[in-house]
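1. return atomic coordinates for the entry below.
(one chain, ligands or ions: 1)
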Amino acid sequence: MKKKKHSFSVFGFLMFVGILCLDVQLFARMEQEAKFAYVIDRDRIYETFRDEQVPLEVSKTLKKDGSKADFSNRLFCYFVTGDTGEDTALQLTKRLERRKNPVQQEFISYIDAVWKDVVYFPVPESEQNDNATVSYSDSWMQSRTYGGKRGHEGCDIMASINERGVYPVVSMTDGIVEQVGWLKLGGWRLGIRSPSGGYFYYAHLYDYAKDFKAGDEIRAGELLGFMGDSGYSDTEGTVGNFPVHLHVGIYINDKDGNEVSVNPYWILRTLDEKKLSYDY
Ligand SMILES: [Zn+2]
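-> Next comes the predicted model:
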């Protein structure tokens with residue numbers, strides 16, 4: 001009887017150890033789960049994607065070979081977690097892929113549209129004049145009043161030499177000319193649709209490099225025209241209503257068919273070191 005009790009308690013002990021091991025495993029698993037139990041809040045991600053600045057430590061991997069987590073996934077991960085690390089991006093990506101997360105799929109296509117085709121900063125460096133420089137800051141959604149109260153949907157690249165027709169403007173991407181000609185707000189403008197679906201809008205031009213037509217194919221780095229101060233008028237050709245600058249707008253078409261502008265500042269900042277040089 002005593003012996004039997006003894007063997008029972010060995011069995012019990014083994015059971016206890018077994019359950020303990022399972023618990024430890026389960027606990028580790030739960031901890032792991034909790035670490036990645038981020039809330040995929042579509043509306044919040046949408047706002048972040050449109051408005052927030054991507055840290056340079058993330059955006060610098062834009063075209064870097066050898067990055068394990070591809071850029072779109074890593075950026076999506078940053079929007080979800082606020083974590084810029086590649087390892088977190090890889091783990092979150094794996095988890096989301098297993099569940100085929102529709103929000104992730106949606107945003108990967110938006111992110112691809114705005115960054116995948118960008119190659120060059122839109123204003124080349126001057127080969128002749130060290131004083132001919134440009135500057136820009138994050139002016140996203142700053143108040144503008146011409147044509148009604150509105151937020152600034154783009155980024156203005158200002159010219160140190162306030163003279164129209166001096167600075168060349170090149171295409172940031174390959175693409176197809178979608179819009180060309182006069183706009184009340186944008187003056188002489190060009191709108192180019194890139195292969196991944198982004199719409200790149202260049203406004204206030206002084207003139208065009210050639211007689212562009214809708215449907216023309218454009219190569220990244222191709223001369224589009226020259227920086228100017230056209231616009232803010234119903235009258236075609238009006239200039240001088242503001243200092244010479246290039247307004248860059250970047251738009252996507254969202255899943256509901258809306259054209260949505262995205263803050264171009266971080267993309268321009270990332271392209272800062274991708275400037276062509278030009279004889280001016
Ligand atoms: Zn502007």
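
2. which stretches of this structure form helices?
-> In the chain, the segments counted as helices under DSSP state H are 2-35, 42-51, 56-59, 71-81, 86-99, 102-115, 265-271.

3. what's the most buried one of the ones you listed?
-> Highest mean neighbour count of these: helix 71-81, a mean of 23 (counted as mean count of other Cβ atoms under 10 Å). All C-beta atoms are positioned from the backbone trio N, CA, C, and that covers glycine.

4. surely Ile192 is in contact with Gly175?
-> Yes - using Cβ atoms under 8 Å, Ile192 is in contact with Gly175, at 4.0 Å.

5. so which bits of the stretch 51-200 of the chain are right by the ion?
-> Residues of the stretch 51-200 of the chain lying near the ion by Cβ under 5 Å from the ion: 154, 156.

6. residue of the stretch 151-280 of the chain closest to the ion, please.
-> Closest to the ion within the stretch 151-280 of the chain is His247: 3.4 Å, counting by Cβ to the ion.

7. what's the burial count for the residue lying closest to Met158 once chain neighbours are set aside?
-> Counting by Cβ to Cβ, 6 or more residues apart in numbering, His245 is the residue found nearest to Met158 once chain neighbours are left out, at 4.7 Å. The tally of other residues near His245 (other Cβ atoms under 10 Å) stands at 22.

8. His245 against Ser160, yeah?
-> No - His245 is beyond contact range of Ser160, at 10.8 Å (criterion: Cβ under 8 Å).

9. quick revisit: which of Ile192 and Gly175 has more neighbours?
-> Legend: neighbour count by other Cβ under 10 Å for Ile192 and Gly175, higher for Ile192 (27 against 24).
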